[in-house]
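[1] Below are the sequence and a predicted model; questions follow.
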Amino acid sequence: MFNEDLKFAREQLQAVGFLGLDVDPTLDLVAEINALKKEKNAIILAHYYQTGDIQDVADFLGDSLGLAQQAAKTEADMILFAGVHFMAETAKILNPSKKVLLPDLKAGCSLADSAPAALFARFKEEHPDHLVISYINCTAEIKAMSDIICTSSNAVKIVESLPKDQPILFAPDKNLGAWINKTTGRNMTLWDGSCMVHEIFSLEKIISLMQQHPDAEFIAHPECEADLLELAHYIGSTTALLNYTKKSNVQKFIVGTETGIMHQMELSSPLKTFIPAPPTNNCACNDCPHMKRNTLEKVYLALKYEQPELLMDESLRIAALKPIQRMLDLSASFGL
């Protein structure tokens, strides 16, 4: 009977995104996952926006730059990427011989989806003299059309490393691009894309929170819109925000990014207070529905049955590797 259930789950994998099998509720999932990692020489890479239980079982936790760097140097035979689809793609691009798993294939990214490859190819053709810098939050097809990949951790340094007269196309995040333009004094041409999580923060509600908590600092990710960034006491990548809260003497923060990072902030600074910046809807916090598709049960099933597996056309992988490698080399030269 179970073999039939497993066969059916595998047949439905592409449609539902994960193996729809029941998990024994009495299982100690953390112990089972750790045993499977050891048995299969597998590593779990998890983004800060994952739920706390997934973060706690990860071998490496980080933002996009740190995760890409870790994926590039791992000696594991298998990588389970607890994040979204483009992150698993990046791991596969860097590790063609390793099996790369994603707990849920439907864990996509609104920002990556905002740059369809065919439309971007036309956009690039319209600017033939421009160098293309793409934010890592994009599909492998967009990476393959890019000259350099960047993350929010290294974007400013990468742009500043280029000649001032070099025309640049920046994709897909217009908000991050606008912040880079303001920070560097450049005038990059921006693709009109954005992250659904960072675009629905409520300016009015954040101002109200700041008035209610005058002793708090508002910290924000540069994917936020410009009017929010104008309010921020500190702007930085997910890792930079975490590090800032560790080092700062301030005891209270309003956090303008996806709420998953607050798990690490609270672990690192248990005596400090972290308040999620509210969105425009009726929720008190702002979760990424794509990141939150992953669960500990899906992580366990993916490791146990080695599915869903991220597969990629080799010609696409090779084309996408070059700009990623350039990013990694530049980051190393910057000491990042």
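    On my side now, so go ahead.
[2] tell me the centre residue of this structure?
    residue 64 (5.1 Å; CA atoms, centre = their mean).
[3] pretty sure it is touching residue 149, no?
    No: with contact defined as CB atoms under 8 Å, residue 64 does not reach residue 149; the gap is 9.4 Å. For glycine as for every other residue, the C-beta is placed from the backbone atoms N, C-alpha and C.
[4] Can you pull the residues that touch both of those two?
    Residues touching both residue 64 and residue 149 (CB atoms under 8 Å, 6 or more residues apart in numbering) are residue 136.
[5] pLDDT weak spots in the protein?
    Where the chain drops to pLDDT under 70, the residues are 1, 283-285.
[6] where do the strands sit along it?
    In the chain, strands defined by DSSP state E lie at 42-47, 60-62, 78-82, 99-101, 131-135, 148-150, 168-171, 189-190, 217-220, 234-235, 252-256, 273-276, listed in chain order.
[7] nearest to residue 287, of those strands?
    Smallest distance to residue 287 across these (CB to CB): 9.0 Å, for strand 273-276.
[8] With just CA atoms, put that closest one into CSV.
    These are the backbone C-alpha positions of strand 273-276, laid out as CSV (Å, rounded to 0.1, in the frame of the first residue of the first chain):
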residue,chain,number,x,y,z
THR,A,273,13.0,43.8,21.5
PHE,A,274,12.2,43.2,17.9
ILE,A,275,8.9,44.5,16.4
PRO,A,276,7.9,43.4,12.8
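[9] Sheet-wise, list the partners of it with their directions.
    Sheet partners assigned to strand 273-276 using DSSP bridges are listed as strand 252-256 (parallel).
[10] in the partner strand, what counts as buried?
    253, 254, 255, 256 (16 or more other CB atoms under 10 Å).
[11] mind giving me a markdown table with these and columns for distance to residue 183?
    Listed next are these as a markdown table, based on distance: CB to CB, whole Å:
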| residue | distance to residue 183 |
| --- | --- |
| 253 | 22 |
| 254 | 22 |
| 255 | 21 |
| 256 | 17 |
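[12] any idea which of those is closest to residue 269?
    Of the buried residues of strand 252-256, the one sitting nearest to residue 269 (CB to CB) turns out to be residue 253, at 9.0 Å.
[13] ok, that closest one touching residue 274?
    Yes: using CB under 8 Å, residue 253 is in contact with residue 274, at 5.4 Å.
[14] Which residues are in contact with each of these two?
    Here residue 253 and residue 274 share the contacting residues 245, 265, scored by CB under 8 Å, 6+ apart.
[15] Next, find the distance separating residue 335 from residue 157.
    Per CB to CB, to the nearest Å, residue 335 is found 9 Å from residue 157.
[16] Which one's more surrounded, the two?
    Just comparing residue 335 and residue 157: by other CB atoms under 10 Å the higher neighbour count belongs to residue 157, 16 against 6.
[17] Spit out the contact partners of that one.
    Residue 157 makes contact with 330, 331, 334, 336 under the criterion CB under 8 Å, 6+ apart.
[18] doesn't residue 154 make contact with the last one?
    Yes: with contacts counted by CB under 8 Å, residue 336 reaches residue 154, the gap being 5.4 Å.
[19] who's more crowded, the two?
    Using other CB under 10 Å as the criterion, residue 336 and residue 154 rank with residue 154 on top: 22 against 17.
[20] give the contact list for that one.
    Contacts of residue 154 (CB under 8 Å, 6+ apart): 65, 327, 330, 331, 334, 336.
[21] please redo it, this time with the cut-off set to 10 Å
    Contacts for residue 154 (CB atoms under 10 Å, 6 or more residues apart in numbering) come out as 64, 65, 136, 148, 161, 237, 327, 328, 330, 331, 334, 336.
[22] For residue 324, see how far away it is.
    Distance, residue 154 to residue 324, using CB to CB: 12 Å.
[23] joint contacts of those two?
    Common neighbours of residue 154 and residue 324, counting by CB under 10 Å, 6+ apart, are 136, 148.
[24] So what's the residue count around the closest residue in space to residue 69 that isn't next to it in sequence?
    Excluding the flanking residues, the one nearest residue 69 by CB to CB, 6 or more residues apart in numbering is residue 328, at 6.6 Å. For residue 328, the neighbour count with other CB under 10 Å is 19.
[25] Show the buried residues in the contacts of residue 157.
    Buried by 16+ other CB under 10 Å: 330, 331, 336, out of the contacts of residue 157.
[26] how about the second one, what does it touch?
    Translated: residue 331. Applying CB under 10 Å, 6+ apart to residue 331 gives the contacts 65, 68, 69, 150, 151, 153, 154, 157, 158.
[27] Kindly recompute the last result at 7 Å.
    65, 154 (CB atoms under 7 Å, 6 or more residues apart in numbering).
[28] any idea how far it lies from residue 168?
    Separation of residue 331 from residue 168 (CB to CB) stands at 18 Å.
[29] Next: residue 90.
    Distance of residue 90 to residue 168, given as CB to CB: 21 Å.
[30] more neighbours, these two?
    More crowded of residue 90 and residue 168, by other CB under 10 Å: residue 90, with 27 against 23.
[31] how about the nearest residue to the more buried one, chain neighbours excluded?
    residue 68 (5.6 Å).
[32] Repeat that for residue 198.
    Using CB to CB, 6+ apart and skipping the chain neighbours, the partner closest in space to residue 198 is residue 223 (3.8 Å).
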